[in-house]
Every structure is written in C-alpha cells, then in structure tokens.
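**Student:** return atomic coordinates for the entry below.
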Amino acid sequence: EIPPAWRETPARLEEILEHEIVTHLCRRRSGELSKLALLGHPGADKSHQTDEGLAIYGEKQAPSSSGRTSSKHLTKEIAMGAAMEGRNFRETHNFLLDLGLSPKAAWYKTFRVFRGIADTSKRDGFVCTLDSVYRLGEKEINNFVKEKSDSALDQLWVGRIGIKHLPIMEKLGITEPAIK
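**Tutor:** Numbering: from 1, shown residues only. Modelled structure (predicted):
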C-alpha cells in the first residue's frame, strides 16, 4: 500500500516504473510465458544480480533521468565504500555530510548501506548484501554492453536469467522474449 503522504517527482516515478515494472515484472512474465515457465518464478539460479543490473541500466536510460540516477547510484557507491573501509554508521554518515550531502540524503544513504546489520557501531566493513548485488549487477551489465552491444541485452528478456545462462537458453531454443 502506498502511504497517503508519499510524493515523488515525475522523473523519479519514471525511474521506479522502469526499474520495478519494465525490468522485474516484464522479465518475470516473459519467463512465465516461455516454454520453460520456471524462468519466470523463481528464475534461474543467481539471476538476481543480472536482474538488478538491468534495472539500474534501464533507470539510467529513462528519458527524464538526465544524470540524476547516476548521481544517486554514485552516492550509494561512496557510502558503501566508506562503510567497507571500516567506518561505522556514525562515521559513514559524517563522511557523507563532509562531502556535501544534505543531512536527509546522508542519513538515507547510510541507513541503506547498514540496513540489516545488527550492530552498526562496529567498524567491520559489513554492508547490506543487496547493495553488493546491485553494484555487481550494474558492473556485469555495463561490461556485457561494452563487449557485445546495447541490442545484445534483448537476449536477457526471455525471463529471469543471468548472462551466464545465455548459452543454455540458446541450446534450449529460448532466444526470443515472450513480451517485447
């Protein structure tokens, strides 16, 4: 349920739609409609990283993104790096403030990086594993596009698969997405 006080800009709504609906939902539905329905849910093993990488790539391609999405992901990367260097929650938050982030933005990025961590006062380099999945997925997709091309991403829309599954999909004859 969407809280009544929730407000977003049209540009942010476009990013959310691109990430959640266009990428996650369409890849899942395409997989469900394929001749191997398990490519929809739960999807192939370790496909989550590719899924998140595609979603971030799509967000950045959204017409109204205009660099805001890249900036958002960059500040998340900086927060992750600060925490992984051994800063605790407070030190990471102060580090982001010192870089010029607003108190609200610094709090949100720090909270995001430390969510699920039981003791945020420790300087052990632990961060939320989901952010690592996003980061690795984005890197994986960027490398794939560099090596192949932007149009090669179409192969990944057959369902919830990872790049490593493409040769298997070729052997199974699952090369065209059910949803275009």
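
**Student:** point out where the chain drops to low pLDDT.
**Tutor:** Confidence mapping of the chain against pLDDT under 70 gives the ranges 63-70.

**Student:** tell me where it has helices.
**Tutor:** In the chain, the helices defined using DSSP state H lie at 10-16, 26-33, 48-61, 68-84, 89-98, 103-114, 129-147, 166-172.

**Student:** how near is the most centrally placed residue in the chain to residue 118?
**Tutor:** Per CA atoms, centre = their mean, the C-alpha nearest to the average position across the chain is that of residue 52, at 3.4 Å. Distance, residue 52 to residue 118, using CB to CB, to the nearest Å: 24 Å. Every C-beta, even on glycine, is put in place using the N, C-alpha and C of the backbone.

**Student:** next one: residue 41
**Tutor:** Distance, residue 41 to residue 118, using CB to CB: 30 Å.

**Student:** please identify which of these two sits among more neighbours.
**Tutor:** Neighbours were counted for residue 41 and for residue 118 using other CB atoms under 10 Å; residue 41 has more, 12 against 7.

**Student:** hmm, back to that, would you format the helices of the chain as TSV with distance to residue 178 included?
**Tutor:** Formatted as TSV, the helices of the chain follow (distance: least, CB to CB, whole Å):
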stretch	distance to residue 178
helix 10-16	24
helix 26-33	4
helix 48-61	16
helix 68-84	28
helix 89-98	43
helix 103-114	34
helix 129-147	21
helix 166-172	13
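
**Student:** and among those helices, the most buried is which?
**Tutor:** The highest mean neighbour count among these, using mean count of other CB atoms under 10 Å, belongs to helix 48-61: a mean of 22.

**Student:** any idea of the angle that helix forms with helix 68-84?
**Tutor:** 140 degrees (axes from the mean of the first three to the mean of the last three CA atoms, to 10 degrees).

**Student:** contact partners of helix 48-61?
**Tutor:** Here helix 48-61 makes contact (CB atoms under 8 Å, 6 or more residues apart in numbering) with 15, 18-20, 22-24, 27, 43, 65, 69-70, 73, 133-134, 136-142, 145, 153, 156, 160-163.

**Student:** hang on, residue 91 packs against residue 120?
**Tutor:** No. Residue 91 lies out of contact with residue 120 (CB atoms under 8 Å); the separation is 10.2 Å.

**Student:** from residue 150, how far out is the residue nearest to residue 52 when sequence neighbours are not counted?
**Tutor:** In space, and not counting its chain neighbours, residue 52 is closest to residue 137: 4.0 Å by CB to CB, 6 or more residues apart in numbering. Distance, residue 137 to residue 150, by CB to CB: 16 Å.
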